[in-house]
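Task: produce atomic coordinates for the following.
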Amino acid sequence: MQLFSHSSREPRGQPGVAPVVQLLARVRLTWLLTHLPARLVWALYVLLNGFVTIAVLAFVAAVADSPFVFPSLGLTAFLFFFNPLAESSSPRNTLCGHAIGLACGYAAYAITGMHSFPQTTHGHLYWPRILSAALSLSTTGALMVLLRVNHPPDGATTMIVSLGILSRPWYLPVIEAAVVLLTVQAFVINRLAGLPYPLWQANEER
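Numbering: from 1, shown residues only. So this is what the prediction gives:
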């Protein structure tokens, strides 16, 4: 049976179909493509891998009682399986980007007094929170431009830290370790799918 190819028969606007087809061929499940639309197969690929990767990290978080799962990690997982060959999905941008976000977030949190932000301010503006958020996001963005790091989820990571949600110093290496573990999972899964997922950086970054 002839499969979709990335250059010819792949449905327009569906860059993730080709890797999925290669994976199905490896596990001898290509019959799925004759019974299901290619877009649905791609959606199932994203669904399954997103579930597995985050479930593993959630399990580690529960066992270690540490913040191995946080909101921006979900955005990173989505990029890994929705568009794995994009520059923003490379290990370099992922690991360096989250590290930048963590550093800028904690720096902004410290500069503004390391306040324990209240859940409610009774309608009043809480200026340390505003300053911390603005400072962390702006410095993260500036450093990402200067260092040529493109990974949008880092904006969420820096806000999580600068707003005091996950701001204890020992949380920072734990969060970065979670990013490393997710990146390793993505590398293994995408390589098993036959996709030339980079070891460090994408071709367009070189």
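
where do the helices sit along this protein?
17-26, 32-35, 38-64, 71-82, 91-111, 127-146, 154-162, 171-192 (DSSP state H).

Chain neighbours aside, what residue packs nearest to residue 92?
In this structure, residue 92 finds its nearest non-sequential neighbour in residue 201, 4.1 Å apart by CB to CB, 6 or more residues apart in numbering. Where you see a C-beta, it was placed from the backbone N, CA and C, and this is true even at glycine.

Contacts only, for residue 149.
Residue 149 sits next to 92-93, 96-97, 100, 143 when contact means CB atoms under 8 Å, 6 or more residues apart in numbering.

As CSV, those with distance to residue 36 and pLDDT would be great.
Listed next are the contacts of residue 149 as CSV, based on distance: CB to CB, whole Å; pLDDT from 0 to 100:
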residue, distance to residue 36, pLDDT
92, 35, 97
93, 32, 97
96, 38, 97
97, 35, 97
100, 40, 98
143, 44, 97
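
What pLDDT is listed against the residue lying closest to residue 96 once chain neighbours are set aside?
Spatial nearest neighbour of residue 96, excluding adjacent residues (CB to CB, 6+ apart): residue 149 at 5.0 Å. pLDDT recorded at residue 149 is 96.

How many residues are close by residue 175?
Counted with other CB atoms under 10 Å, the neighbours of residue 175 add up to 25.

what do you get for residue 56?
By other CB under 10 Å, 15 other residues sit near residue 56.

Kindly report the same for the one 4 residues further on.
Residue 60: 16 surrounding residues under other CB under 10 Å.

Might one say that residue 179 is in contact with residue 94?
Yes - Residue 179 is within contact range of residue 94, at 6.4 Å (criterion: CB atoms under 8 Å).

Where does pLDDT dip in the protein?
For the chain, residues meeting the criterion pLDDT under 70 lie at 1-34, 115-125, 204, 206.

Next, the contact list for the spatially most central residue of it, please.
For the chain, residue 76 is the residue whose C-alpha lies nearest the centre (CA atoms, centre = their mean; 1.0 Å). Shown in contact with residue 76 (CB under 8 Å, 6+ apart): 94, 98, 151, 153, 179, 182.

at 6 Å what do you get?
Residue 76 makes contact with residue 153, according to CB atoms under 6 Å, 6 or more residues apart in numbering.

Distance of it relative to residue 35?
32 Å (CB to CB, to the nearest Å).

Go through the helices of the chain and pick out the most buried.
Stretch with highest mean neighbour count among those: helix 154-162 (a mean of 26; mean count of other CB atoms under 10 Å).

Can you name the residues in contact with that one?
Helix 154-162 has contacts (CB under 6 Å, 6+ apart) with 70-72, 97-98, 101-102, 104-106, 108-109, 132-133, 136-137, 140, 166-167.

For residue 99, which non-adjacent residue is closest in space?
Closest residue to residue 99 apart from its sequence neighbours, by CB to CB, 6+ apart: residue 176 at 5.9 Å.

measure the one you found to residue 48 for me?
Look at residue 176 and residue 48: by CB to CB, they are 26 Å apart.

try residue 39
Separation of residue 39 from residue 48 (CB to CB) stands at 15 Å.

Next one: residue 183 from residue 79, what distance?
Distance, residue 183 to residue 79, using CB to CB: 11 Å.

I appreciate the help and will end here.
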